[in-house]
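S.K.: What shape does this take:
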Amino acid sequence: MDRQLARPGDADRRNYRTLAIVAAFILILPAWAKFIPGDVLHIDIVNIMVLAGIYACVVVGLNLLVGYAGQISLGHAAFFGIGAYTTAILCTRLHWFPTWLGVIAGAALAGAIGWLVGKPVLRLKGHYLAMATLGLGEIAFILFQQLKGLTGGTVGIMDIPPLSILGLKFDSDLKFYFLVWVIVIALMLLTINLIRSRVGRGLRALHSSEVAADAMGVNTSRYKVQVFVLSAAFAGLGGALFAHFQKYINPESFVIAVSIMFITMVVVGGMGNIWGALIGVLLLTFLPSVIQALPQWIPGLPSALQNFSNYELILYGLLLILFMMFLPKGVADGLGRAADYSEVRARHLRDRRRAKKLEGH
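M.R.: Got it, this is the predicted structure:
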């Protein structure tokens, strides 16, 4: 059955089934990853998967904003940083402050600032909105540097305590891995239910045509602000988790390149596809580590290619151009079409074999 003709119930069952498969994969990944010697891959899979889960918190929300509501944002590193600095400041200045509450505070403050910024900014459209959110990211970066009394300036904040929930400390990569991916799966479940709700239908109508959505009675202004706030809160949650995982943050962790990385993850994975966010995150989170490991796999590789930061923005820009030209709906859509084609081919082969058996009789 073609995915465009699939009934809503079929799509829901497919999404829940996929989510169960992802959860099972996440559960067993550390078990088989530890049996791969480090001198084979030269990559710490669990550590990178923790970062992927943190980035997924941001990109799932950004995909709602960009892919479903059609509102561009080039400043999500700002909300990522707000979440990180909020919990870092609270938990290092107030030593009695619960770290889990710091994470919630980081997400809440990012969402609140998203509401304050979103009310005026989302009146803009197209490249004007993109430039406004880009400016937001730059303002946040400057404030992170200049508010030295709070943020530590360019030095940043060190000795951020590990996250602790009800006495359980997540002080190792493995513990943090399971925590982060439980949160990601919960966010994915929330997203699936949101997309199939009245709000999700309103967001899709907004993406198709804001004028037509207004004419149909959709409160487009309210929906745009709501999805922007939710996306900002998701980014703040990711930033707060990032702070407790790294135990050290500085403004360089929240530069414009990080916002571009997030939007590239959305485009590469597939805008408007629930699973596109995860695919884009996994591909681009592993990419720097794979590039850094290339000298171990390919002796004699030029040293200029070994440092990912030398050409990070160039590569992200190239990926954006290529995917928008040749695969505008992202890897997730390409994989979905391949799966549909395989299913149709398998059905045709079964029908042909059945027809041959009937002819033999």
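
S.K.: how much distance is there from the helix or strand harbouring residue 337 to the middle of the chain?
M.R.: Using DSSP states H and E, residue 337 maps to helix 330-360. Centroid separation for helix 330-360 versus its chain: 33 Å, with C-alpha atoms, centre = their mean, to the nearest Å.

S.K.: How about stretch 160-168?
M.R.: Using C-alpha atoms, centre = their mean, the offset of stretch 160-168 from its chain centre is 24 Å.

S.K.: can you pull the buried residues of it?
M.R.: 160, 161, 163 (16 or more other C-beta atoms under 10 Å). Placement of C-beta: from N, CA and C, glycine included.

S.K.: swap in stretch 101-108?
M.R.: Counting neighbours by 16+ other C-beta under 10 Å, stretch 101-108 gives 102, 103, 105, 106, 107, 108 as buried.

S.K.: As TSV, those residues with secondary structure would be great.
M.R.: Below are those laid out as TSV (DSSP: H, G, I helix; E, B strand; the rest coil):
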residue	secondary structure
102	helix
103	helix
105	helix
106	helix
107	helix
108	helix
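
S.K.: and of those residues, the nearest to residue 345?
M.R.: Of all these, residue 345 sits closest to residue 107, with 45.2 Å by C-beta to C-beta.

S.K.: ok now do that closest one, which residues does it touch?
M.R.: Residue 107 makes contacts with 83, 233, 234, 236, 237, 240, as judged by C-beta atoms under 8 Å, 6 or more residues apart in numbering.

S.K.: Just give me the neighbour total for the third one.
M.R.: Close neighbours of residue 234, defined as other C-beta atoms under 10 Å, add up to 31.

S.K.: Where does residue 19 sit: helix, strand or coil?
M.R.: Of the three states, residue 19 takes helix under three-state DSSP.

S.K.: Give me the nearest residue to it, chain neighbours excluded.
M.R.: residue 188 (5.9 Å; C-beta to C-beta, 6 or more residues apart in numbering).

S.K.: Would you mind measuring from the one you found to residue 229?
M.R.: When distances are taken as C-beta to C-beta, to the nearest Å, residue 188 and residue 229 turn out to be 19 Å apart.

S.K.: for residue 71, same thing?
M.R.: 12 Å.

S.K.: Now do stretch 111-123: distance to the chain's middle.
M.R.: 20 Å.

S.K.: In that stretch, which of the residues would be classed as buried?
M.R.: Applying 16+ other C-beta under 10 Å to stretch 111-123 flags 111, 113, 114, 117, 118, 121, 122 as buried.

S.K.: Nearest to residue 26 among those?
M.R.: Distance to residue 26 across the buried residues of stretch 111-123 (C-beta to C-beta) is lowest for residue 111, with 26.1 Å.

S.K.: got a list of what the closest one touches?
M.R.: Residue 111 neighbours (C-beta under 8 Å, 6+ apart): 229, 230, 232, 233, 236.

S.K.: any idea which element the fourth one lies in?
M.R.: So that's residue 233. Using DSSP H and E, residue 233 falls in helix 220-246.

S.K.: coming back round to it: turn the buried residues of stretch 160-168 into CSV, including distance to residue 341.
M.R.: Rendered in CSV, the data for the buried residues of stretch 160-168 read as follows (distance: C-beta to C-beta, whole Å):
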residue, distance to residue 341
160, 48
161, 51
163, 44
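
S.K.: Adding pLDDT as columns, could you present these in a markdown table?
M.R.: Listed next are these as a markdown table, based on pLDDT from 0 to 100:
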| residue | pLDDT |
| --- | --- |
| 160 | 96 |
| 161 | 95 |
| 163 | 96 |
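
S.K.: can you map out the helices along the stretch 151-300 of the chain?
M.R.: Under the criterion DSSP state H, counting those that start in this stretch, helices of the stretch 151-300 of the chain are mapped to 173-195, 198-208, 210-215, 220-246, 256-269, 276-297.

S.K.: tell me the mean pLDDT for the fifth one?
M.R.: In this case it means helix 256-269. Across helix 256-269, the average pLDDT comes to 93.

S.K.: What helices and strands are in contact with that helix?
M.R.: Here helix 256-269 touches helix 45-63, helix 76-93, helix 126-146, helix 276-297, helix 312-326, helix 330-360, going by 3 or more C-beta pairs under 8 Å, 6 or more residues apart in numbering; DSSP states H and E.

S.K.: Buried residues of that helix, list them for me.
M.R.: In helix 256-269, counting by 16+ other C-beta under 10 Å, buried: 256, 258-269.

S.K.: Repeat that for the third one.
M.R.: Residues 210, 213 are the ones in helix 210-215 that count as buried (16+ other C-beta under 10 Å).

S.K.: what packs against it?
M.R.: Counting contacts by 3+ C-beta pairs under 8 Å, 6+ apart, helix 210-215 packs against helix 198-208, helix 220-246.

S.K.: rewinding a little: and which of the buried residues of stretch 101-108 is nearest residue 274?
M.R.: Taking these together and measuring to residue 274 by C-beta to C-beta, the closest member is residue 107, at 20.7 Å.

S.K.: where's stretch 207-222 relative to the chain centroid, distance-wise?
M.R.: On C-alpha atoms, centre = their mean, the centre of stretch 207-222 falls 26 Å from the chain's centre.

S.K.: Give me the contact list for that stretch.
M.R.: 67, 68, 69, 70, 122, 123, 125, 202, 205, 206, 272.

S.K.: any idea how far residue 198 is from residue 355?
M.R.: Distance of residue 355 to residue 198, given as C-beta to C-beta: 46 Å.

S.K.: sorry, that was for residue 281
M.R.: Using C-beta to C-beta, residue 281 is found at 28 Å from residue 198.

S.K.: who's more crowded, the two?
M.R.: residue 281 (28 against 9).
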